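1. model this:
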Amino acid sequence: MLRINIVIRIFLLSLLCLIMIQCTSERNTRIRLGNITQLEPQEILHYSELGNVLSMHKVEDNFFVSFYRDTLCLGVLDSAMNVLYRFGRRGRAANELLAPCLTGQYKRDLEGVIVPVFERTNNQLFYYHIDNVGYASLVNTEMLPREYGDMRIVYKISPYDYWGIIDNKSQDIFFYNRGNNELTFYNINNRQKDEDYQTMVTAREGLNAFALAYYSLPRIDILGDNGEFQKSVEIVGLDNMDNITERNDYFLDICSTDEYIYALIAYNDEKDLLLKIDWNGNYEGLYEICDSELLCVDDNAILCMNYDENGLIVANYPISFLNDK
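-> Take a look at the predicted model:
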């Protein structure tokens, strides 16, 4: 009888371990770097008037951009990247901006689109209406809690619900409900408080999923619409690449469409890597592209951007190039 009980216990313990391993594997994906496909851009263009672009999002037929150190720190560009309008005065006064973060969200009305901009220095969302000819006007503002510290970025996911990151060394993920003033934290990295893993964020169309890439971790985390952890995608092999330029600077930027996540990986002084995965964490491709610092994506093209003495360099890679490889 004793021997039977021992056998039963061993069997149950083995079954429990198998279930735990299976659950862990479902929530984590390891992508090993294989063959890297070389990808040549369809065209490369210079824009001298755009030499200080900090971030860029495609908003329907136009581009919405933030500028680095300009007096007017936001702008609207047409499809040919001509500046239609600059706005958002930099400063500390009411309705002025110091560290604006573009979320990539927008909502259409009959006369244009409403675009939110998150201001990191005061945990405030500014809502700008951009009409059909590119003129922008401030139409609303929202304040979020300050007692937990400055927030790095905030996405609005419902009239009362918000998702974002606290801007401190812990980089805590939070979910906030304005109706009951409840702030819920999620620490998805299980790291020490003195470790500083800065993050880049992209949101899926419809705002039902988010993806985080890290400067100092070779990993992408996928979250649900309330900030709960869904999937971790570990990129195996980056540490062994002899031509990685900075050992602690893996990812440079991240962007997405409704189907895919695109992440820019530092590679060497002349080339970088573009990683493509789907929102379930499945590997779709790894591409060698031109030296880049920023990404902008829509349904037709990936724009990879860098700078030289002549201004902003924009390399256009059609989505079809990636799908055909």
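2. switch to C-alpha atoms for all contacts and neighbour counts from now on
-> Noted.
3. and residue 77, how many residues sit next to it?
-> 20 (other Cα atoms under 10 Å).
4. I'd guessed it sits against residue 60; true?
-> No. With contact defined as Cα atoms under 8 Å, residue 77 does not reach residue 60; the gap is 11.2 Å.
5. Just the CA atoms of the helix or strand encompassing residue 125, as PDB, please.
-> Element membership of residue 125, judged by DSSP states H and E, is strand 124-131. What follows is strand 124-131, C-alpha atoms only, in PDB (Å, rounded to 0.1, in the frame of the first residue of the first chain):
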ATOM      1  CA  GLN A 124      -2.200  65.100 -18.800                       C
ATOM      2  CA  LEU A 125      -3.800  64.100 -22.100                       C
ATOM      3  CA  PHE A 126      -4.300  66.900 -24.600                       C
ATOM      4  CA  TYR A 127      -6.900  66.300 -27.300                       C
ATOM      5  CA  TYR A 128      -6.300  68.100 -30.600                       C
ATOM      6  CA  HIS A 129      -8.800  68.400 -33.500                       C
ATOM      7  CA  ILE A 130      -7.000  68.200 -36.900                       C
ATOM      8  CA  ASP A 131      -9.300  69.300 -39.700                       C
END
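6. Now for the chain, the helix or strand with the poorest mean pLDDT.
-> One helix or strand of the chain scores below all others by mean pLDDT, DSSP states H and E: helix 2-27, with a mean of 47.
7. re earlier: what's the strand holding residue 125 packed up against?
-> strand 112-119, strand 136-143 (3 or more Cα pairs under 8 Å, 6 or more residues apart in numbering; DSSP states H and E).
8. Packed most tightly, which of those strands would that be?
-> Among the helices and strands packed on strand 124-131, strand 112-119 has the highest mean neighbour count (mean count of other Cα atoms under 10 Å), at a mean of 23.
9. other SSEs contacting it?
-> Where contact means 3+ Cα pairs under 8 Å, 6+ apart, strand 112-119 is packed against strand 100-102, strand 107-109, strand 124-131.
10. Of those strands, give the one that comes closest to residue 294.
-> strand 100-102 (13.3 Å; Cα to Cα).
11. Within the sheet, what are the partner strands of the strand holding residue 125, with directions?
-> If you go by DSSP bridges, strand 124-131 pairs up with strand 112-119 (antiparallel), strand 136-143 (antiparallel).
12. Following the chain past the last one, name the next helix or strand.
-> What it means is strand 136-143. Following strand 136-143 toward the C-terminus (DSSP H and E): strand 151-156.
13. then that next one to CSV, C-alphas only?
-> Output in CSV follows, covering the C-alpha atoms of strand 151-156 (Å, rounded to 0.1, in the frame of the first residue of the first chain):
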residue,chain,number,x,y,z
MET,A,151,3.6,58.5,-16.1
ARG,A,152,5.7,57.6,-19.1
ILE,A,153,2.8,57.1,-21.6
VAL,A,154,-1.0,56.7,-21.3
TYR,A,155,-3.5,55.1,-23.7
LYS,A,156,-7.2,55.7,-23.3
